[in-house]
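Requesting a structural model of the entry that follows:
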Amino acid sequence: MKRLLDLFEHFIRSAIDYVFRVRSPGLGLVGTGGVIITAALAGWAFNLSFPFNGGLFALSFSVDGPGRIVMYAVLLLGATLVAVGLRQLQKEFAASARLRAIVIELRGLRDWIGAPLSESVPRSIRGRKEEIILDLRKGADGQVMPDLALAELHALRPRINTIEKGLDRRDVTYVVGALAPVPFTFLLGVLVDDEGPIALLDWDRHKLAWRELESPDDGKRFSVIGLDAACGGHASVAVAISASYIVDVAGVHAKLGTGVPLVHLELDGASTDANWSEVKQQELARRFLEVMVRLGNSGVQQVHLFFAGPNSLVMRFGMAYDKRNLPALTLYQYERGHSPPHPWGVAMPVAGLSLAEIIS
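All right, here's what the predicted structure looks like:
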């Protein structure tokens, strides 16, 4: 029964992809011209006969005189459309050959071979796929050595430069997905911020597959707690973001002490399945940026960030963070078994810091 349902789902998705596929103007012109030529030739002349009531019924038709001129005009129109369509197809093929989809996949959790991100690139993104896999695990199941992982991310820019060499940026689209510790996912967002058009995908733990952010916006947003108090002349502020799970506030205070004010962005209806909307994520990122701007304008120099959210949202927030005009930012890794439960963090390459650093 499950296999039948999977086949039915595949059929429906294929039908939808076909209806909303990217149309080719050149192919349309060639097809239209071919139909016109075929119709014209079919109507040029025919001779049909078959037995009827002991005799022979004959039917014939031919174009002669003025009708022949009309037929020539129709054939000329069809041939012209085919010629123009073929020229257009040539241009489309040349443009398609220039297109690239740079697929960046960050791996940093379980050490198993799942479906690669490159196989889930949306059909709307055209071009040859160029795959970059950043594996932070180094063969250790679920274990990441922060220093080695950071070196892997520092090597990302040279790898992108190698692929982009000789390409026009207008021909490049980025597809990015991550299954990694939150600090490195945020850092990936910071690093790819200015690259160009970026499509974010996330891992669906129920379907065990990469998924686009195609769900409708449910209208739920952050409640912001403690912002006014944090803007009272403090140089250092803690910011907790609860978008999937609720951040361990006691653990934050255990890490920084109770003297550091805390701003809490808590999503109404936070859960692991609450952030599959592109529009919603954009609005949440906008609200996050507004909070960061207000903190920066109030004189905050350092933000200590604690983030519980899906990888796509974490990356989006990293992409939204202004590298030059916002405070320095360190994002901490949560480990339930540690005391305090944030053993290390990553100082982001923002506010004058050229390269990210591991903070213990």
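
I'd like to know which elements the host helix or strand of residue 317 is packed against.
Under the criterion of DSSP states H and E, residue 317 resides in helix 311-320. Applying 3 or more C-beta pairs under 8 Å, 6 or more residues apart in numbering; DSSP states H and E, we find helix 311-320 packed against strand 172-179, helix 182-191, strand 198-204, helix 278-297. The way it works is simple: take the backbone N, C-alpha and C, and place the C-beta from them, glycine included.

Pairing partners for the strand or helix carrying residue 101, with directions?
If you go by DSSP H and E, residue 101 is part of strand 100-107. Using DSSP bridges, the strands paired with strand 100-107 in its sheet are strand 128-135 (parallel), strand 172-179 (parallel).

Out of the ones you listed, indicate the one that is most buried.
Neighbour counts (mean count of other C-beta atoms under 10 Å) averaged over each of the strands paired with strand 100-107 peak at strand 172-179, with a mean of 23.

and that one with helix 311-320, angle?
Angle, strand 172-179 to helix 311-320, by axes from the mean of the first three to the mean of the last three C-alpha atoms, to 10 degrees: 130 degrees.

that older thread, just name the most buried of the helices and strands packed on helix 311-320.
helix 182-191 comes out most buried of these by mean count of other C-beta under 10 Å, with a mean of 26.

Show the average pLDDT along that one.
The average pLDDT within helix 182-191 is 96.

Same question for stretch 109-119.
75.

now do the same end-to-end measure for it.
Counting by C-alpha to C-alpha, to the nearest Å, you get 19 Å between the two ends of stretch 109-119.

repeat for stretch 225-240
10 Å.

so how far is it from its chain's centroid?
From the chain centre to the centre of stretch 225-240 is a distance of 33 Å (C-alpha atoms, centre = their mean, to the nearest Å).

So which residue is dead centre in the protein?
Closest to where the C-alpha atoms of the chain average out (C-alpha atoms, centre = their mean) is residue 199, at 1.9 Å.

my guess is that one meets residue 173, correct?
Yes - with contact defined as C-beta atoms under 8 Å, residue 199 reaches residue 173; the gap is 6.8 Å.

what's the overlap in contacts for these two?
residue 125 (C-beta atoms under 8 Å, 6 or more residues apart in numbering).

returning to that earlier point: okay if I get the strands paired with strand 100-107 as TSV plus mean pLDDT and distance to residue 341?
As requested, these are exported to TSV (pLDDT from 0 to 100; distance: least, C-beta to C-beta, whole Å):
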stretch	mean pLDDT	distance to residue 341
strand 128-135	91	26
strand 172-179	93	21
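
Would you mind confirming that residue 221 makes contact with residue 269?
No - applying C-beta under 8 Å, one finds residue 221 not in contact with residue 269, separated by 9.9 Å.

Looking at the two, which one has more neighbours?
Counted by other C-beta atoms under 10 Å, residue 221 and residue 269 do not tie: residue 221 has more neighbours, with 16 against 10.

Who are the contact partners of the more buried one?
267, 268, 283, 284, 287.

Just put the helices and strands packed on helix 311-320 in JSON lines and tack on distance to residue 164.
JSON lines is the format used below for the helices and strands packed on helix 311-320 (distance: least, C-beta to C-beta, whole Å):
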{"stretch": "strand 172-179", "distance to residue 164": "6"}
{"stretch": "helix 182-191", "distance to residue 164": "14"}
{"stretch": "strand 198-204", "distance to residue 164": "14"}
{"stretch": "helix 278-297", "distance to residue 164": "25"}
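
and of those, who's closest to residue 232?
helix 278-297 (11.0 Å; C-beta to C-beta).

And the next helix or strand past that closest one?
With DSSP H and E, the next secondary element past helix 278-297 is strand 302-308.

list the helices and strands that following strand packs on?
helix 182-191, strand 236-242, helix 249-256, strand 328-332.

Dump these to a markdown table, plus distance to residue 160.
Output for the helices and strands packed on strand 302-308, formatted as a markdown table (distance: least, C-beta to C-beta, whole Å):
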| stretch | distance to residue 160 |
| --- | --- |
| helix 182-191 | 9 |
| strand 236-242 | 28 |
| helix 249-256 | 34 |
| strand 328-332 | 22 |
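
These: which one's closest to residue 355?
helix 182-191 (10.4 Å).

hey, where'd the helices end up in the stretch 1-150 of the chain?
2-19, 25-42, 66-98, 146-154 (DSSP state H, counting those that start in this stretch).

Enumerate the positions of the last one that are buried.
Looking back up the chat, that one is helix 146-154. By 16 or more other C-beta atoms under 10 Å, the buried positions in helix 146-154 come out as 146, 149, 150, 152, 153.

and what of stretch 332-347?
Result for stretch 332-347 [16+ other C-beta under 10 Å]: buried residues 332, 333, 334, 340, 341, 342, 344, 345, 346, 347.

So which of those residues is the closest to residue 302?
Using C-beta to C-beta, these come closest to residue 302 at residue 347, 9.4 Å.

Tell me who's in contact with that closest one.
Here residue 347 is in contact with 328, 329, 330, 353, 356, 357, 358, 359 (C-beta under 8 Å, 6+ apart).

I'd like these as a markdown table, with neighbour count appended.
Below are these laid out as a markdown table (neighbours: other C-beta atoms under 10 Å):
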| residue | neighbour count |
| --- | --- |
| 328 | 16 |
| 329 | 24 |
| 330 | 20 |
| 353 | 14 |
| 356 | 22 |
| 357 | 14 |
| 358 | 16 |
| 359 | 15 |
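
Save the strands paired with strand 100-107 as CSV, and put in distance to residue 99 too.
CSV is the format used below for these (distance: least, C-beta to C-beta, whole Å):
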stretch, distance to residue 99
strand 128-135, 7
strand 172-179, 8
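
Please give the element, helix or strand, for residue 228.
With DSSP H and E as the criterion, residue 228 is inside helix 227-230.
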